[in-house]
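1. Predicted coordinates and the sequence they were generated for:
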Amino acid sequence: MKVYKLETIQILPISLEEAWDFFSTPKNLQKITPKELDFKILPDFKDQKMFPGQVINYIVKPVLNIPMRWTTEITHVAQNQYFVDEQRFGPYAFWHHKHFFKAVEGGVEMIDEVHYALPFGILGNIAHVLFVKNKLNSIFSFRKETLEKYFRKG
């Protein structure tokens, strides 16, 4: 199984506390996910904050508008520093997503580091080259642009 890595770094003009408040609220993931994925959290989490051991169920339509269930677990949380979500059931053979937060001059630096693998062996590797890599890059680009607009000062 080939494990791929995706890393993004972004600086937002907000405080560490503001960043943590936004990203530690599971319902906000829907705000930063492209509309065409038709992403929904089941059930609605309202304003509940994440915690280690929390299981979150989603419906997402990543390919050909076909709904897929995706279950992740929040495995680690260090307030105002980082959290980790891991897929338990879903479209990937492996998904481990670390989110890091650090106060820097002018705001907060956020780093997303995702390690993932696809099912189906060589067919999964081919799918990665043909569309999965580009799809993930476009999702994280969308997040970056959306967050810049959402937290724009002034």
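-> Cool, the structure landed.
2. got a list of contacts for stretch 97-117?
-> With contacts defined as CB atoms under 8 Å, 6 or more residues apart in numbering, stretch 97-117 is touched by 1-16, 18-20, 23, 72, 80-86, 92-96, 124, 136, 140. C-beta coordinates here come from the backbone N, C-alpha and C atoms, glycine included.
3. Please spell out the PyMOL selection for the buried subset of those residues.
-> Here is the PyMOL command that selects the buried residues among the contacts of stretch 97-117 (16 or more other CB atoms under 10 Å):
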select buried, resi 4+12+14+16+19+20+23+72+82+83+84+85+86+92+93+95+96+124+136+140
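4. In helices only, show me the contacts of stretch 97-117.
-> Among those, the members falling in helices are 16, 18-20, 23, 124, 136, 140 (criterion: DSSP state H).
5. Find the residue closest to residue 36 in space, skipping its chain neighbours.
-> In this structure, residue 36 finds its nearest non-sequential neighbour in residue 61, 7.6 Å apart by CB to CB, 6 or more residues apart in numbering.
6. now swap in residue 69 and tell me
-> Closest residue to residue 69 apart from its sequence neighbours, by CB to CB, 6+ apart: residue 59 at 6.2 Å.
7. burial measure for that neighbour, as a count.
-> Neighbours of residue 59 under the rule other CB atoms under 10 Å: 14.
8. just residue 138 next, same as before
-> For residue 138, the count of nearby residues is 12 (other CB under 10 Å).
9. which residues does it contact?
-> Per CB under 8 Å, 6+ apart, neighbours of residue 138: residue 34.
10. Could you check which helix or strand contains it?
-> For residue 138, the element it lies in under DSSP states H and E is helix 133-150.
11. Check the offset of that helix from the chain's centre.
-> Relative to the centre of its chain, helix 133-150 is centred 10 Å away, using CA atoms, centre = their mean, to the nearest Å.
12. Quick check: buried residues in it?
-> So helix 133-150, judged by 16+ other CB under 10 Å, has buried residues 135-136, 139-140, 142-144, 147.
13. before we move on, what about stretch 17-33?
-> Buried positions in stretch 17-33, judged by neighbour count with 16+ other CB under 10 Å: 19-20, 22-26, 28-29, 32-33.
14. Please, where are all the strands along this structure?
-> 4-12, 40-42, 55-63, 66-78, 82-89, 94-104, 107-117 (DSSP state E).
15. Would you convert those strands into JSON lines that also reports distance to residue 49 and mean pLDDT?
-> Converted to JSON lines, the strands of the chain look like this (distance: least, CB to CB, whole Å; pLDDT from 0 to 100):
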{"stretch": "strand 4-12", "distance to residue 49": "19", "mean pLDDT": "98"}
{"stretch": "strand 40-42", "distance to residue 49": "14", "mean pLDDT": "90"}
{"stretch": "strand 55-63", "distance to residue 49": "12", "mean pLDDT": "90"}
{"stretch": "strand 66-78", "distance to residue 49": "9", "mean pLDDT": "96"}
{"stretch": "strand 82-89", "distance to residue 49": "10", "mean pLDDT": "98"}
{"stretch": "strand 94-104", "distance to residue 49": "14", "mean pLDDT": "98"}
{"stretch": "strand 107-117", "distance to residue 49": "17", "mean pLDDT": "98"}
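16. Brilliant, that's me finished.
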